[in-house]
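Student: 3D, please:
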Amino acid sequence: MKKIIPFLTAILLLMTLTQAYARNLNHPPIPKESPETEKIAIILLKEKRTLPEIKTLISKYPNVKLRYVFEHTINGFSVIGDARSLNELSKGKEVALVSPVKTYRVETLENIKLIGGDKVRGIFDRANRRLTGKGVTVGVIDTGIDYNHPDLRRSYGGGHDFVDGDKDPMETRASNSGIDNGKDFVDGDNDPKKAKMFNWQSTLHGTHVAGIIAANGKIRGVAPEATIIAYRALGPGGAGTSEQVIAAIEQAVKDKVDILNLSLGNNVNGPDLPISLALNKAVERGITAVASSGNSGPNVWTVGSPGTASKAISVGASTPPQKIPFLTIEGEGDRIKLQPMHGSNHWKIDRTKEITFGYLGEEKDLKNCAGKIVLIERGKLTFTEKARNALKAGASAVIIYNNTNGNFIGNLDGNIPIPVASLSKKDGERIKRLIENGKSFTRTILIEEKDTLASFSSRGPVTGTWEIKPDVVAPGVAIESTIPGGYLSLQGTSMAAPHVAGACALIKQAHPDWGPAQIKSALMNTAKPLVNENGTQYRTFEQGAGRIQIEKAVKSESLVIPGSLQFGKFQLSDKMHEHKAVIEVQNVGSRTKNYSFSIPKQTAGIRWEIPLSFRLEPREKKKLEIRMSADPAVLTKKLYDGNLILHEDSNEIRIPYIYVLEEPDYPRVMGFDFGIGDNGNTYRYEVYLPGGAEEFGIALFQPDDYLFIGFLDWEKDVGKGLLQKEIKRDRLPKEGLYLVKVFVKKKGKEDMIETMIEILPELRENRRWK
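Tutor: Presented below is the predicted three-dimensional model:
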């Protein structure tokens, strides 16, 4: 269970002055958790137990209260209790694991044509009906949906909601909704539209996802006649716990949905989190599960749970055809790619414009930007507030650059009649320097891009299992869909996953006897491998098998299961040794087929043993072994991947593979960055932990005498991946410069980086530190 002692704010100015591996600054151990700290945990049992047996088990601990019993997805239950009691409970002989709940968040029509969704309408199912998803049920675990939206009324088939466990009479209810068996996993009632009436945005994300799958009105989703069941497991702000998500998966299993979409996730790259295990169990029970891979790209190892679940279909995001604005600056030869924000006007500036720096975008910062493009740093104000201030000041366009590493996905509330785009911190600071040096004239050009991997899309592979994730990619940029009261264009792997869920519904309608493994392989076997701007194919652990092609998947006559192979991890100390993978080839067509493998490209230190040619009759299947021998002494890279090619008569089936040479030799802590939050009430930081941590901390020191001041934040048992935190503004030390040590401990070793931050006096409020 993590515990945070945050104190930096969104309205303090923090400057990263240096960042390097630090001298050995001494800091005390991170604070111990109070034994009275109350928390919610998921208890995994070694064997299945009945409800009376579970009650007997926890009766020994009077401070532990039972919450949910999971019957269909994992052997276990959830409880709330104090840390001391939960620690004692974890020692019980029946208990396999006590897992504190983790937070999952939403990962914030040309695209359907791109994946073949229009062509598939010309194909008919066994009942001679066009493929529209009719008769297929798709569960959506998300923020709930607006089931009164005119484009979703016909698709909506009921819902459930789990979080607060109450029956608040102030909740909004839709008249004549037709719901009589639903539950709310957020509020514990029958209305998945929205928990307490916070605002219309509470169900925006889930409504958008549902529309991509099955909108049937002004816009049409991938499977417009599929039935949507809404499982509301994420509350206001798009956040929910693993307990709530698992409860929703349980309910979906009970409801016997055909397809299950989870456009949510966290940054933990691990295959064995309870939610990933629950999703695998749902697949074993016949549900085709689809999960977004995450928006933490473009670095490797950034895929997060539940996109790490082995048996689910993990989905990355690709870019459908669109014109992307690039900025050129006088005297500079290169082009800087901009990321348009949805809700702003299109970029059509094709003449020379002056660019000026607008600091944080407050009104006082924008006195001289009339007719100019204004460059603004992220933080303190929302994107919409910055854009409206610039509009009011007469700016012709706005570019907001990040205050932490990398770019970001931004959306605006309402319509802004001038172009607004986001930019990475690196590019933003470079433009700022050019402005300061007198290079202030720019030009914007539009370049058409299509079928490339979105930069934000999380990459694999999965730690521990070394599996290829994502499995496939689908359009996830500039996707228009339903929202409460209208329509909006959004982007993210959250938008990519429902394209795949809709595709699964169409395949299920066409092939009702196919199970999850066959549906997954049909999509992977027929996917289109994508190439980058240089014409080089993306790595398999970046795009999986490639971008889905629904028509080809529906028409599949041969299936290779699984759709990708992992040969494990090789140790440098090993001599020449052999790994093998087993595949099953199924002839699901109506005629005899001949199969043969292409000989893989020769690589020093690698030897392949590939099956000989073979023939399969209709409905016949065959298991095959593929062996790879490797000499680690000859191999030089850390990750090896590629594609095996199976010829099915004149067709080709690509089978992505991967093997790992030891774990990559990376520092245990990288990329620490501070940034001002977007609403003036928070401060955010992010840090990348490639191998996770037994202990993680951010220690604060006086820069002159290295006197330890306190911890900004600390946490135990942190998963691998990108760690991001929001820290409230009322937790500040006194103003001044501070030395920060960011450290990670694992397996008796400690890695650290060091940086300086500055806290300004006018940016403090309600200081709690002496």
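
Student: check contacts around the residue positioned nearest the centre of the chain.
Tutor: In the chain, the centroid-proximal residue (Cα atoms, centre = their mean) is residue 294; its distance is 1.5 Å. Listed by Cβ atoms under 8 Å, 6 or more residues apart in numbering, the contact set of residue 294 reads 107, 265, 267, 302-304, 307, 457-458, 493. All C-beta spots, glycine's among them, are computed from the backbone N, C-alpha and C.

Student: do the same with residue 406
Tutor: Neighbour list for residue 406: 298, 424-425 [criterion: Cβ under 8 Å, 6+ apart].

Student: of those, buried ones?
Tutor: 424-425 (16 or more other Cβ atoms under 10 Å).

Student: okay, the contacts of residue 406 in a markdown table with distance to residue 277 next?
Tutor: Below are these laid out as a markdown table (distance: Cβ to Cβ, whole Å):
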| residue | distance to residue 277 |
| --- | --- |
| 298 | 28 |
| 424 | 36 |
| 425 | 37 |
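
Student: Among the contacts of residue 294, which pair sits farthest apart?
Tutor: Distance extremes for the contacts of residue 294: the farthest pair is 267 and 457 at 13.9 Å, using Cβ to Cβ.

Student: the more surrounded of those two?
Tutor: residue 457 (31 against 24; other Cβ atoms under 10 Å).

Student: OK, contacts around that one?
Tutor: Counted by Cβ under 8 Å, 6+ apart, residue 457 has contacts 293-295, 297-298, 316-318, 470, 473, 476, 493, 496, 542.

Student: of those, closest to residue 213?
Tutor: residue 496 (12.0 Å).

Student: Out of the contacts of residue 406, flag the one nearest to residue 553.
Tutor: Distances from residue 553 to the contacts of residue 406, taken by Cβ to Cβ, are shortest for residue 298, at 26.7 Å.

Student: pLDDT score for that closest one?
Tutor: Residue 298 carries a pLDDT value of 85.

Student: for the one 4 residues further on, same thing?
Tutor: Per-residue confidence (pLDDT) for residue 302: 85.

Student: For it, give its distance to residue 544.
Tutor: Distance of residue 302 to residue 544, computed by Cβ to Cβ, to the nearest Å: 14 Å.

Student: ok, the two, which is more surrounded?
Tutor: Applying other Cβ under 10 Å to residue 302 and residue 544 shows that residue 544 carries more neighbours, namely 29 against 23.

Student: Tell me if I'm right that that one and residue 474 touch.
Tutor: No - under the criterion of Cβ atoms under 8 Å, residue 544 is not in contact with residue 474, lying 10.4 Å apart.

Student: Report the set of residues contacting both of those two.
Tutor: Joint contacts of residue 544 and residue 474 (Cβ under 8 Å, 6+ apart) are residue 316.

Student: Count the residues that sit near residue 142.
Tutor: Neighbours of residue 142 under the rule other Cβ under 10 Å: 29.

Student: so it touches residue 234, yeah?
Tutor: Yes - if you go by Cβ under 8 Å, residue 142 and residue 234 touch, sitting 6.1 Å apart.

Student: which intervals of the stretch 301-450 of the chain have sub-threshold pLDDT?
Tutor: 349-350 (pLDDT under 70).

Student: Helices along that one, start to end?
Tutor: Counting by DSSP state H, counting those that start in this stretch, the segments of the stretch 301-450 of the chain that form helices are 383-392, 425-436.

Student: and the contacts of residue 294, which of them are in strands?
Tutor: residue 265 (DSSP state E).

Student: quick one, phi/psi of the closest residue to residue 468 other than its chain neighbours?
Tutor: Using Cβ to Cβ, 6 or more residues apart in numbering and skipping residues adjacent in sequence, the residue nearest residue 468 is residue 564, 4.5 Å away. Main-chain torsions, residue 564, degrees, to the nearest 10: phi -150, psi 160.

Student: All further residue positions should be reported with the first residue as 872.
Tutor: Fine by me, first position is 872 from now on; the one you just mentioned is residue 1435.

Student: what about residue 1435, neighbour count?
Tutor: Neighbours around residue 1435, by other Cβ under 10 Å: 27.

Student: Confirm for me that it is in contact with residue 1395.
Tutor: Yes - applying Cβ under 8 Å as the test, residue 1435 and residue 1395 come out as touching, 6.6 Å apart.

Student: helix or strand right after the helix-or-strand element of the chain with minimal mean pLDDT?
Tutor: Least confident element among the helices and strands of the chain, by mean pLDDT, DSSP states H and E: helix 981-985 (a mean of 64). Downstream of helix 981-985, the first helix or strand assigned by DSSP states H and E is strand 1008-1013.

Student: So what are the sheet partners of that following strand and their directions?
Tutor: strand 1098-1103 (parallel), strand 1130-1133 (parallel) (DSSP bridges).

Student: Export those to JSON lines and append columns for mean neighbour count and mean pLDDT.
Tutor: Listed next are the strands paired with strand 1008-1013 as JSON lines, based on neighbours: other Cβ atoms under 10 Å; pLDDT from 0 to 100:
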{"stretch": "strand 1098-1103", "mean neighbour count": "30", "mean pLDDT": "95"}
{"stretch": "strand 1130-1133", "mean neighbour count": "32", "mean pLDDT": "98"}
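
Student: Of all those strands, which one is nearest residue 1233?
Tutor: Nearest of the strands paired with strand 1008-1013 (Cβ to Cβ): strand 1098-1103, 37.0 Å.

Student: after the closest one, next one along is what?
Tutor: strand 1110-1112.

Student: secondary structure element for residue 1147?
Tutor: Residue 1147 belongs to helix 1145-1155, assigned by DSSP H and E.

Student: could you give me the average pLDDT of that helix?
Tutor: Helix 1145-1155 comes out at a mean pLDDT of 94.
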